[in-house]
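**Q** based on what follows, work out the 3D shape:
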Amino acid sequence: MDRHITVPLTEEEANSLRAGDYVYLTGTIYTARDAAHKRIFEMVGANEQLPMDIRNNVIYYMGPSPAREGRAIGSAGPTTASRMDKYAPTLLDMGLKGMIGKGKRSQEVKDAIVRNGAIYFAAVGGAGALLSRSIIASEVIAFDDLGTEAIRKLEVREFPVIVVMDAAGNDLYETAICQYCREA
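**A** The predicted model follows:
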């Protein structure tokens, strides 16, 4: 099913999405990769205010290439999500509603997704130049010294993703394999 969703996500929207849904996100999302997650986690441990309010927001695991003239951002493909697995349960428990990446997640992340009614989306790896066309604005909001791993606030229009894991715990990576094996 194709869905057009405005982000940040509401609890109702997150709960209505199902693994396998094609979703087009419009609104504000944030980027953060390994180094930024480490700093965020340290800030949480020190009870410091985070550079953005993560409640109901979506974090895209991405570090862009430099923007061409006239573009908001360069190539913007997803990075492997499992590298953020040690941080994700804490952020989900703090209210993060969605994550965008590629690849499987740990059981701890799956449990936190279900516990918090969150969503894990996949963006197509290798399609960063195409994905960047849906990003209409990009602004570094924290950790500028990290270069491509700085936290960015992105404004997106019809950003294409697939629900890989829904709030009920359905995991497309698992169900698609089962479906393929039955048909083969």
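
**Q** state the number of residues packed around residue 18.
**A** 15 (other C-beta atoms under 10 Å). The way it works is simple: take the backbone N, C-alpha and C, and place the C-beta from them, glycine included.

**Q** so where's the chain shaky on pLDDT?
**A** Low-confidence segments of the chain, defined by pLDDT under 70: 176-184.

**Q** where along it do the helices fall?
**A** Taking DSSP state H as the criterion, the chain contains helices spanning 11-16, 34-45, 88-93, 107-116, 128-132, 172-183.

**Q** export the ones you listed to a markdown table and tack on distance to residue 159?
**A** A markdown table is the format used below for the helices of the chain (distance: least, C-beta to C-beta, whole Å):
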| stretch | distance to residue 159 |
| --- | --- |
| helix 11-16 | 15 |
| helix 34-45 | 19 |
| helix 88-93 | 20 |
| helix 107-116 | 20 |
| helix 128-132 | 7 |
| helix 172-183 | 18 |
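
**Q** so what would you say the end-to-end distance of stretch 141-157 is?
**A** 20 Å (C-alpha to C-alpha, to the nearest Å).

**Q** list the buried residues of that stretch.
**A** Using 16 or more other C-beta atoms under 10 Å as the test for burial, stretch 141-157 gives 142-143, 146, 149-156.

**Q** go on, stretch 68-88?
**A** Buried-residue list, stretch 68-88, by 16+ other C-beta under 10 Å: 72-79, 81-82, 84-85, 87-88.

**Q** do me a favour and get the end-to-end distance for that stretch?
**A** Using C-alpha to C-alpha, the end-to-end distance of stretch 68-88 comes to 32 Å.

**Q** thinking again about what came up before, and of the helices of the chain, who's closest to residue 52?
**A** Judged by C-beta to C-beta, the one of those that comes nearest to residue 52 is helix 34-45, at 9.3 Å.

**Q** what comes into contact with that closest one?
**A** 32, 49-51, 83-84, 87, 90-91, 94, 142-143, 146, 149-151 (C-beta atoms under 8 Å, 6 or more residues apart in numbering).

**Q** in strands, which of these appear?
**A** Mapping the contacts of helix 34-45 onto strands (DSSP state E) picks out 142, 151.

**Q** residue 175: which of the contacts of helix 34-45 is nearest?
**A** residue 84 (22.8 Å).

**Q** not counting sequence-adjacent ones, nearest residue to that closest one?
**A** Spatially, and ignoring its direct neighbours in sequence, residue 84 is nearest to residue 37 (5.2 Å; C-beta to C-beta, 6 or more residues apart in numbering).
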